[in-house]
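Trainee: structure of the sequence below:
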Amino acid sequence: MSGHSKFANIKHKKERNDAAKGKIFTVIGREIAVAVKEGGADPANNSKLRDVIAKAKANNMPNDTIDRGIKKAAGDANSVNYETLTYEGYGPNGVAIIVDTLTDNKNRTAANVRSAFTKGGGNVGTPGSVSYMFDKKGQIIIDKEECDMDPDELMMLALDAGAEDFAEEEDSYEVITAPDDFSAVREALEARNIPMMEADVTMIPQTWVELTDEDDIKKINRTLDLLDEDDDVQAVYHNWDE
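Mentor: Here you go, the predicted structure:
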C-alpha cells in the first residue's frame with residue numbers, strides 16, 4: 001500500500017519548527033490547556049490529552065514542561081480561554097492554504113492572518129473555500145533510522161489497529177488513519193515503543209500545485225514565514241508541492 005508521500009512537506013514543517021522551538025512549545029502548551037479544560041487532567045481518561053502529550057514528546061518537549069502545563073491548566077480556573085478559529089485562502093498561483101488558530105483575541109488573530117496572506121500576494125477566502133481540496137486524516141510519520149521493526153510487521157500492526165493506509169518511503173514510513181481512529185492507532189504503535197517523528201490529525205491535499213516563478217516562491221514563503229511566527233497560529237496546511 002502506498003500513496004503520494006507527504007514526508008517532504010512534514011519535514012519542511014519540522015525544520016521550520018526546529019528553527020523556532022519556542023514557538024512549537026507555545027503551540028503545544030495551548031493545546032494542552034484546551035485538552036485539560038475539555039476533558040480533565042488525567043491522560044488515562046482524556047484521549048485528546050494523550051494525543052497532545054504524544055505530539056509534545058515527538059517534538060522533544062521535556063516531561064517536566066508537559067507536567068507543568070497540565071498542572072497549570074488544571075489548577076487555574078481563571079486561565080485564558082482559547083477559541084479555535086480556522087482561516088482559508090489562496091496564495092500565489094492558486095495555492096490553497098488553511099490556517100488553524102487558538103486565540104484569546106479574535107480581532108488580533110484575524111488581522112495578523114489577513115496581513116500574512118496580503119504580504120504574500122494572496123487573500124483570505126470564505127469558510128469552505130479551499131478545505132474541500134483537503135482530506136482530514138490522522139498521520140503518523142516514523143523515521144526508518146529510528147525504527148527496528150520489520151516493515152511488513154509494522155504495516156500489519158498499524159492496519160490491525162485500524163489504519164487506512166501504510167506507505168514505505170525512502171527514509172520514512174507513513175501511517176494514515178481516519179480522524180476517529182487516530183488515537184487507537186497511535187496508542188497501538190506507542191505500546192510497541194515505535195518512535196514517532198510526527199503524530200497528528202492533519203489536512204492532506206488531494207492535489208498539489210507547483211510553483212515555477214521565483215517571485216511566486218518568494219511570496220508563498222513570505223506568507224508561511226509570517227504565519228509560523230504568529231503565536232496564535234497552531235498549524236498551517238497547504239498544497240504547494242515544494
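
Trainee: domain parsing for this protein?
Mentor: 7-75, 83-132+206-238, 134-205 (automatic domain parsing).

Trainee: T212 sits in which helix or strand?
Mentor: Applying DSSP states H and E as the criterion places T212 outside every helix and strand.

Trainee: strands of the protein, start to end?
Mentor: 83-90, 96-103, 123-124, 134-143, 165-168, 172-177, 198-205, 233-238 (DSSP state E).

Trainee: just how off-centre is stretch 171-183 within its chain?
Mentor: Put simply, stretch 171-183 sits 12 Å off its chain's centre (Cα atoms, centre = their mean, to the nearest Å).

Trainee: what comes up buried for it?
Mentor: Neighbour-count burial for stretch 171-183, counted by 16 or more other Cβ atoms under 10 Å, picks out S172, Y173, E174, V175, I176, T177, D181, F182, S183. To be clear about C-beta, it is placed using only N, CA and C from the backbone, and glycine gets the same treatment.

Trainee: and for stretch 128-141?
Mentor: Neighbour count says stretch 128-141 has S129, V130, S131, F134, K137, G138, Q139, I140, I141 buried, by 16+ other Cβ under 10 Å.

Trainee: closest to A73 out of those?
Mentor: G138 (23.8 Å; Cβ to Cβ).

Trainee: my read: that closest one touches A184, true?
Mentor: No - applying Cβ atoms under 8 Å as the test, G138 and A184 come out as separate, 9.4 Å apart.

Trainee: so what's N46 up against?
Mentor: If a contact means Cβ atoms under 8 Å, 6 or more residues apart in numbering, then N46 has A35, V36, E38, G39, G40 as its contacts.

Trainee: then D67?
Mentor: Applying Cβ under 8 Å, 6+ apart to D67 gives no contacts.

Trainee: determine the longest helix present in this protein.
Mentor: Looking across the chain with DSSP state H, the single longest helix is helix 21-39.

Trainee: contacts for it next, please.
Mentor: Residues contacting helix 21-39 (Cβ under 8 Å, 6+ apart): 17, 45-49, 51-53, 55-56, 59-61, 65-66, 69-70, 72-74, 79-82, 84, 102, 228-229, 231, 233-235.

Trainee: pull it out as PDB, backbone CA atoms only.
Mentor: C-alpha atoms of helix 21-39 as PDB (Å, rounded to 0.1, in the frame of the first residue of the first chain):
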ATOM      1  CA  LYS A  21      11.500  25.500  19.100                       C
ATOM      2  CA  GLY A  22      10.000  28.100  21.500                       C
ATOM      3  CA  LYS A  23       7.100  28.500  19.000                       C
ATOM      4  CA  ILE A  24       6.200  24.800  18.900                       C
ATOM      5  CA  PHE A  25       6.300  24.600  22.600                       C
ATOM      6  CA  THR A  26       3.900  27.600  22.800                       C
ATOM      7  CA  VAL A  27       1.600  25.800  20.300                       C
ATOM      8  CA  ILE A  28       1.600  22.600  22.200                       C
ATOM      9  CA  GLY A  29       1.200  24.400  25.600                       C
ATOM     10  CA  ARG A  30      -2.000  25.900  24.300                       C
ATOM     11  CA  GLU A  31      -3.200  22.500  23.000                       C
ATOM     12  CA  ILE A  32      -2.500  21.000  26.500                       C
ATOM     13  CA  ALA A  33      -4.500  23.800  28.200                       C
ATOM     14  CA  VAL A  34      -7.500  23.300  25.900                       C
ATOM     15  CA  ALA A  35      -7.400  19.500  26.200                       C
ATOM     16  CA  VAL A  36      -7.300  19.700  30.000                       C
ATOM     17  CA  LYS A  37     -10.200  22.200  30.100                       C
ATOM     18  CA  GLU A  38     -12.300  20.000  27.800                       C
ATOM     19  CA  GLY A  39     -11.500  16.500  29.300                       C
END
